[in-house]
Structures are given as C-alpha cells and as structure tokens.
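1. With the input below, show me the fold.
(chains A, B, C and D, ligands or ions: 6)
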Protein chains: 4
Amino acid sequence: MEKLIITVATTGAVTTRDNSPYLPITPEEIANEVFDSYNAGASIAHIHVRDEKGNPSMDFEKFQETVERIKDKCDIIINLTSSGGLNLEEEERLKVCELAPEFASLDAGSMNFGPSVFINSPPFLEKLSNNMNEYNVKPEIEVFDTGMINNALMLAKKGLIKPPFHFQFVLGVPGGMTATPKNLIHLVDSIPSGSTWSVIGIGKHQLAMNTLGIVLGGHVRVGMEDNVFYKKDELAKTNAQFVERIVRISGELGREVADVNETRKILGLNHVGVVK
Amino acid sequence: MEKLIITVATTGAVTTRDNSPYLPITPEEIANEVFDSYNAGASIAHIHVRDEKGNPSMDFEKFQETVERIKDKCDIIINLTSSGGLNLEEEERLKVCELAPEFASLDAGSMNFGPSVFINSPPFLEKLSNNMNEYNVKPEIEVFDTGMINNALMLAKKGLIKPPFHFQFVLGVPGGMTATPKNLIHLVDSIPSGSTWSVIGIGKHQLAMNTLGIVLGGHVRVGMEDNVFYKKDELAKTNAQFVERIVRISGELGREVADVNETRKILGLNHVGVVK
Amino acid sequence: MEKLIITVATTGAVTTRDNSPYLPITPEEIANEVFDSYNAGASIAHIHVRDEKGNPSMDFEKFQETVERIKDKCDIIINLTSSGGLNLEEEERLKVCELAPEFASLDAGSMNFGPSVFINSPPFLEKLSNNMNEYNVKPEIEVFDTGMINNALMLAKKGLIKPPFHFQFVLGVPGGMTATPKNLIHLVDSIPSGSTWSVIGIGKHQLAMNTLGIVLGGHVRVGMEDNVFYKKDELAKTNAQFVERIVRISGELGREVADVNETRKILGLNHVGVVK
Amino acid sequence: MEKLIITVATTGAVTTRDNSPYLPITPEEIANEVFDSYNAGASIAHIHVRDEKGNPSMDFEKFQETVERIKDKCDIIINLTSSGGLNLEEEERLKVCELAPEFASLDAGSMNFGPSVFINSPPFLEKLSNNMNEYNVKPEIEVFDTGMINNALMLAKKGLIKPPFHFQFVLGVPGGMTATPKNLIHLVDSIPSGSTWSVIGIGKHQLAMNTLGIVLGGHVRVGMEDNVFYKKDELAKTNAQFVERIVRISGELGREVADVNETRKILGLNHVGVVK
Ligand SMILES: [Mg+2]
Ligand SMILES: [Mg+2]
Ligand SMILES: [Zn+2]
Ligand SMILES: [Zn+2]
Ligand SMILES: [Zn+2]
Ligand SMILES: [Zn+2]
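-> Ligands and ions are numbered 1, 2, ... in the order given. Predicted coordinates:
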C-alpha cells in the first residue's frame, strides 16, 4: 500500500474561538500550527485565512503572508482553499489561484451546509478550473456527496480538469453525505480507477473516517477545520496532536507516512513551487 | 409485495415544447393528460403549471384551475410541486400548500441542477414543512443525493415531518446522484425502515430505474417532466404511453397496480380531500 | 447495451415429476423443449440427463443422444452440466468434456445445497479445468456465493482457465447466497472487468433476478431446472413459456435478444460446434 | 459504542510449528498463552487441541485438561471449537458440547478450504445445535461466506438456535469470502438487527479486518489460529502480542475493551462457567 498522506487543516471557515480557544487565526498562529504539524508528519497544509475580526475571508494579502510565514519554516505542500467560507465573493475565490499554490481545493457542487447553503455553481466551477489550469494548480476535488463526483467528471469531459484526479471526501456535514463506513466505501467505489483520495470526517467522525482512510488505502485530513475535540469532552490543544495520533495509528497498522516529496510523487504535483 | 403506485408527472419545469411538441402546458392540456394516465393506471398526478409563455410558474390560480379540471374528470390523488422550477420565489412556493393537496413534493436540499443551482435552504425547508403541517399535506420527500435523506431526518428530529416517510428518489439529474442500480440500492438501504419510496430516472434512465422500483418493492414515477422519449429517438406522444408500459411490465413481473384508494392506504394519506 | 443471451435449462438434477408433470426427462422430451425454447429466443441450452428412473445421471450415452437430437433440430449452443447432480462420480463428471461441447458448467466450489452438500473440491476443479482445456470447452463458471469468484480466480492464476470469464450467478439455493438485488450487485461488482455474466434465481426468485440481469447488462437463464412455476400457484407447461416472457420483458426494456451467432461472439466461443 | 470484545485463538487446526515455532500445542502451552492474552485484554479464548503428534484433534481429554489448566489461572470465557479441523469425526465434534463451555463455534456451512473441503452438512448443523441447546452452550456462528448467514437463519426458523445471534465473520480463507472492507460491510448489513458480530482476517488481512471490526462497532479475534506474522516477515512470538496491539489501537480510537463480565453481558452468556 502507498504511503499515507496526512493533510492538516488548522483553521477552516466555520470553527470559532468559542468552539476552541486553541484555534489558530492569525497568519503567525497558523504558520506555527502548520510547522508543528509538519514536524509531526503532515505533508500538506490546507489553508484558510481570517479577517481582523476572525471571520472567514479570502483576503489575498492574508493568504500571501500566511504562505510566506509557512515557507520560511518548512517545505510543507501548500493547499489553499478556494471557498474561504460559505458566502464569499466568487471574484475573490477565483483570485486565490494567482498565488499559484501547488494544490487548491475545488468544492465540486452546491449543497445545504449546516443552517446555510454552500454554493458552487456549474459556471463558477468552470471558471475556477480554468484559473487553476492557468496557474498550474492541481485541484483537490472536495466531494460532500455522490453527485459531486459526477460534477467533477463533467468538468473532465470538457477538458477543464485532468486525470489522475485527487478526491477529498468530506463526510458528516449536515446537508452532505453522512459519515458512515458504508458511505465512504460507496464513494471510493464510484471514482475512476487511477484516482487518489483522502477522507475527512466532521466532528466526532474524524477519527473513524481517518482510520478507514488508512485501512482502505486512501489518505487523511485532520485538524481544527473539521473537529476540535481530541476525544470526548477534551479539546485538542494543538493541530499537531491530531497528526501525531494518525502517525501512531498508521504505525500500528503498518502503513508508513509520506514525506513531502513522496506526497508530491503520489499526487503528481509538478511543483513549480511558484507560490509567490 | 405491496401493489405498485404509479405517479404521472406530465409537465414539470424543465421540459419545453422544443424538447417535445407533445408536452401539455395549459391546465386543460394537463388535465387531459392526467385523465388519460389515470385511465391507464396512474393513481397520483404530480402537477406543475406554466405561465402564458410556457415558463415554469407557481401561479396560484393556474394550480387551482388545473386541479379543478382534473377533479372534474377523476379522483386521482393530487401531488403539487412546491418548487415549481429552479429560481422561483419562496413566498409563492410556500403558498401552494394553501390549496391543501393530499400530497406535495418537498425537495430536501440544495444542489447543482444542470447549468444552474437548485436552492432549498434549511430555513425554507422548515417553513415549508410547517406549512404542509398546517394544511395537512403529506410531504413527498424528493431526494437527489444521499445527504437529502439526512436533511429530512433532521426535519423529523425537530418534529416538522412525521414518519412513516415517503421518499421520491430522483436519479440522473446532472448535479445529483447518477442513475445506477447500485446507487438506487444504496439509497433504499439508507432510509428508515417503515418508509415507502418511489423512483424517477431522468431521461434515458427512466425505464431502467422504474423497472428496478418495481422489482425492489418501491414505486415509480413516469412522465414528460422526467423524460420525453418513449424509446431511443422516438418521442412519447402522450404521458399515458409511459404509464401503459409500466402497467405491462409490472404485469409481467406479477406485481399488481394500486388504484387510488389502495394508494391512499399504502401512503397513509388521510384524504381530507380538501383541495379547494 | 449488449444483446441479451437467454439460456434455457429444461431439466436439471433436482426437479422431479412430482414437482411438475411437465418436466422433460428423456432425450427426446428434452430435445423438444430445447427446440421450442430456441424458437422462442433461447440461444444456449444447458443440458442435464436422467437415467431410466428419472434420477440425475452423468450417463455418457444419454448426453450423446440428447445432443444429437437437439443438433438435428437446430443450431442452439450446447452447454453441458459437469455436475449432473449432487453426489455423482468425479470420473463421470469429468468424462462429459469428451463430448467437446462449446460450453460446460464449472461449479466453482463446495457448499451446503438444500439438505445435502454439493462438493467440488479444489483438486477436482483443477482436473475439470484441464479437461475443458483439452477439449476446447469454455467454462461457464457457476457461482453460488462470493468465495466461488475467488476460487475461479485462483484457477486462472494457475493458468487453468483464461479470461474473459463468463460467470453464471446462481442465487437462492438454500446454502448459497440469497436472491436479493443487493447481493447480485455485490457479485457483479466483484468480477474482473471484461467478464460477462448471467443470473439464475431459484424458485420464486427467478423472474426478479432475470429482470435485474436484463437491466444491469448481464444475461439470464430460465427453465425448470431452476423453477417450475410460471406464476404463483401456476406451473409452467413448457420451458418455452419462460423464454417467451423474458423476450417480452426485454422488448419492453429496449434490449434486443441475441441469436446463436451473436451469443457466440459475445462469449468468445471459438469452437465450431464440434459436439461429436 | 459497546466495549470491544477480544477473542484470542492461540492454536487452531491449520497452523503448524513449521509456520511458527511459537505456536502453542500442548494443553500447558495453550493455557499459558491464553493466560498471557487474558492479562493483555482478551476476554474469550477460542480453544483447539492437538494430538501427541501436533495434529488437529477433537480428543475429549485434551479439551478437558486444557480447560482445567486455563480455569486454574483465570476466569477467561471458554469458547471451544466444534470443528477441530477439516475432516474430523462428527461424533467427536458433537461430543465437545458435553464439556458445557459457555460458548462454542458453529461453522454454518460447507466450503472449499485451502486445498480441501470443510464439511458441515445441514443434518450435522441440526445435531450440533441440538447438542449445544442441551448443554446450554451459546453458538458462535462462524460465517465464511454470505450463504452461511442464511444457513443460520434456517436453523433459527426451526427453533434450533435463538436470537440474539453472535456471528464470527472469517474473511480471507481460500474458498471463502475474500477479506475486503466492502465484503465485511456487506456481511454486517446482512445479519438480523440485534445481533452481535466479530471479525477474523486470515493471514496478512488480520490487522485490517480487526481494525474495521473496532471502527464498525463489531468485535475482533486475533491469534495464531488465523495469522502467525506480527508484521511483514516478522513472526509473532506470543499470542498476547496481537492482543496488546488491538488494545493499543482500540485505545487510540477511543473504544474501551470489555472484561470478562462485560463480555458476558454483551453476549448474553447466561451460563455460569460450568465447564466440568
Ligand atoms: Mg501552538
Ligand atoms: Mg509463551
Ligand atoms: Zn477548507
Ligand atoms: Zn416536479
Ligand atoms: Zn445444471
Ligand atoms: Zn477454530
């Protein structure tokens, strides 16, 4: 079995300081958490930024600063969000590609999301794919339900994204597919052969879904974007704690963890390393 | 196995006269098509209306006229759309409940839909459920992907909809779950026991999905809302043609077709017959 | 979708005249039933013979006579059983290959079978595969449960059978996999891509499983070997009745029926009907 | 989630000293290994015995001595094999019930097993069930493929075994269901609700299947009966090593391990350890 790719998502758009006082928010805090996670075994950092009030943001300079701070510390692979949150401007969401990260999320459809609606319309997905191509960014296809796999394949049919695809399955968002092992296997069975995939379980489902990712030959994402509890009623104090646990579990299961170069190879990242 | 419930959806919101010159559009045309379908074996009519230009509409008086014309002809069970189309006013969508049909669709979430986005936000779904309760309308829970089952269960947890639930699985919309037998079985496996369900296959998938519905013990919907071709390259001339074929197939498979009273019993419609 | 291959299995080893007075038993009766089924649309005849008392038998001359009588009437593809029944001599079971039919069953494992045990040991399966190779017989891999697919793949690994494989799924034998749509799909998902498959439902499951075979792109087997009832409480009077119904259903579903030459092409039967 | 039941199967019938020099064979060796496993967290010991030459055996006195030696050391729950190996006498297999263990395996059908055939005919299963009832032994229903679940349900229909059932899924025996996550989930989906289950993966599949058992809410069996390698190319030196690893993994996953009394409660073992 391929080595395991661990992505850390330290911050996200939904988690707040009310959820956890340990949530990193500023570029400096995020860079520190990413660096600790890197040292623990993460090879990809999925990055969101926040504005001065801590609200979800697609602020270009915040991204720039955050990425620079990370790059100063380590060579972890940068994966930038292209959603930022639920209701951000399409213009700004598209602009993030100009930072030319190796990797960026592409949320492959629309859905109810908690009490709100997460909109990624077909024309927006086409524009985003085009932008990613222009800046040589590999899309991480985020899939919250089965139809989004097909949405990605429709983009592929138009030549807008190219195989081999990398899918990030996000299970357990209210509005999306529930986080059950059977659902995960159904998704894995539904992607084109030759694809790679990773899995996120929201909240209390994080650990079970991650463990299935390890066992099934997929990859995993951990971090406070998805879950703030290390265990029942106990908040994680750092994002690295989550990474460390995955490293231990993967070790017990005899699956080695990929470093950044191995991750690049597995995902076919052509690392022009252009993040400006 | 329970008798088979056949719903006819003569018109819908997406199909146009360009797709098929046989599409019924006016209340009179719709009522005629419904009546023929009733005579062929349909026990439920799922109704959309169009404005004077043939565009999707939630015009209250059109609904009223259509329902009256149908009621004049036969006692088929009326199922009114509560979406009308993709971008109609929530206000108007909610108002349709005031016609107090026995049954109305409730699209249990948001999704990309063809080139557009079909929005049914969580607050809207709560309002719609409340309205249905007020007018004693049973919701037909339309499910386009797995997460929508969970959306319905979240409404149920809040007491807004009540078991036994009836699910209408809609497979093959670009943006939703693809129309494969495995996907259908995955959905059927995912609903609470005691639920009833029906299945729609969009376009060329109509017949296969319907046949699976018959074999698996579900129910079926046919009609020009979902598909205009009777067979490859041959347009259906009437909605009743689709019903007749289902009746023949169900007959070959030894499953009897439910009349309106049997359908009411299977679905637990308390038929206050209130459609004004 | 490929054209549909219909196999008729007129007699089998388990069905008795007590089960149905219409069961063909003598070579002459069998040949007549096969011919009628051929005229109705069957392109393969799966053949068992009986001894003078009507008991299951692997009598070489009975096979010879039956095949000759069929060949006199039509060019249907001959598929000979290599089991004959539950407890017949391995020697005799192997010998049937000497008749060099185009096709013969290979029961890919052991299992409880009704009140008895059906034994096909690994060494026997190797000998049988060797014999089939020697006489240029294509194996129809009969699969009664999931492990038998793997048994076939183990034979393939040893070079004893060669892809593309043809699987015959037999669902509903007490002791084997139960006849549910989900089980059938699980099997279909478990075979190597490039394989062809057909499905048998035992007893009351025959029609539902056959219909799924048509819808899912597989092929079907009908006949009194598997089921004697045409519908609830009504015996089939002929094997051809079953074939006729499949032809009608397949017609409704828009899937054409394969004639013998089309069947040879689909299955890669390379062998010119050399049954001596 | 229920606490995790760990069964240790130290010896089995197939593993030899050639496979591993650490295999316990004599009653004394087995008792020692069981005791160490108990201390590590196992609450059930699945017991086979061997004859003087180390061959599989159903020798009554060996069972007696082994059980006594274990009972002298600890209160682990005793689960005796009722197969002993592949070709042992039915008489002797049935007699083991007279030791009145709380628990004993019941292999719910026949199958190819490696190069041989493992026979558990329907009449034998009925006799064995009767014997278990007579001695108040709870059956551990061993399932090697899907049909065996149905075999158990047929015994239940005759009143020979009673719910709630406990299934032991054995995946990866050549001849049985292969050890894939999807297969395991298919089995779990196929048992009556209210049942408990545990899972065994043969050879290199042990650890992955066990981990799935933990995640899916089932239980697990480890030990040299099923697998001798602790990791690739490294033999386990003790059975306890396997138990210790499961305890660590289960700890990481936040699932507690059941002690013997908790295990009795989960399985409904009503029977006071009467092994004579
Ligand atoms: Mg820190
Ligand atoms: Mg020792
Ligand atoms: Zn994100
Ligand atoms: Zn509609
Ligand atoms: Zn046969
Ligand atoms: Zn054992």
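
2. and stretch A:246-262, average pLDDT?
-> Average pLDDT, stretch A:246-262: 98.

3. could I have it exported to PDB, CA atoms only?
-> Only the C-alpha atoms of stretch A:246-262 are listed here, as PDB (Å, rounded to 0.1, in the frame of the first residue of the first chain):
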ATOM      1  CA  ILE A 246      -2.700   9.400  13.000                       C
ATOM      2  CA  VAL A 247       1.000   8.700  12.800                       C
ATOM      3  CA  ARG A 248       0.800   6.300  15.700                       C
ATOM      4  CA  ILE A 249      -2.300   4.500  14.300                       C
ATOM      5  CA  SER A 250      -0.700   4.300  10.900                       C
ATOM      6  CA  GLY A 251       2.400   2.900  12.500                       C
ATOM      7  CA  GLU A 252       0.400   0.200  14.300                       C
ATOM      8  CA  LEU A 253      -1.300  -0.700  11.100                       C
ATOM      9  CA  GLY A 254       2.000  -1.000   9.300                       C
ATOM     10  CA  ARG A 255       1.400   1.900   6.900                       C
ATOM     11  CA  GLU A 256       4.300   4.400   6.500                       C
ATOM     12  CA  VAL A 257       3.700   8.100   6.400                       C
ATOM     13  CA  ALA A 258       4.700  10.000   3.200                       C
ATOM     14  CA  ASP A 259       7.000  13.000   3.500                       C
ATOM     15  CA  VAL A 260       6.500  16.000   1.200                       C
ATOM     16  CA  ASN A 261       8.500  14.600  -1.700                       C
ATOM     17  CA  GLU A 262       6.700  11.200  -1.500                       C
END
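
4. got the contact list for that stretch?
-> For stretch A:246-262, contacts defined as CB atoms under 8 Å, 6 or more residues apart in numbering or on different chains pick out A:1-6, A:40-41, A:43, A:75-77, A:210-211, A:214-215, A:220, A:222, A:266, D:207-208, D:211, D:231-232, D:245, D:248-249, D:252-253. For glycine as for every other residue, the C-beta is placed from the backbone atoms N, C-alpha and C.

5. And that stretch, what's buried?
-> Buried residues in stretch A:246-262, counted by 16 or more other CB atoms under 10 Å in any protein chain shown: A:246, A:247, A:249, A:250, A:252, A:253, A:255, A:257, A:258, A:260, A:262.

6. residue contacts, residue A:63?
-> A:47, A:49, A:80, A:96, A:99.

7. Mind doing that once more with 6 Å?
-> A:49, A:99 (CB atoms under 6 Å, 6 or more residues apart in numbering or on different chains).

8. Now it: which helix or strand?
-> Element membership for residue A:63 (DSSP states H and E) is helix A:60-73.

9. Would you mind identifying the next helix or strand past that helix?
-> That would be, after helix A:60-73 and using DSSP H and E, strand A:77-80.

10. List the buried residues of that following strand.
-> A:77, A:78, A:79, A:80.

11. Quick one: mean pLDDT over that strand.
-> Taken as a whole, strand A:77-80 carries a mean pLDDT of 97.

12. Return that strand as CSV; C-alpha atoms alone will do.
-> Provided in CSV are the C-alpha atoms of strand A:77-80 (Å, rounded to 0.1, in the frame of the first residue of the first chain):
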residue,chain,number,x,y,z
ILE,A,77,2.9,21.4,0.4
ILE,A,78,0.5,24.3,0.4
ASN,A,79,-3.1,23.7,-0.4
LEU,A,80,-5.2,26.8,-0.5
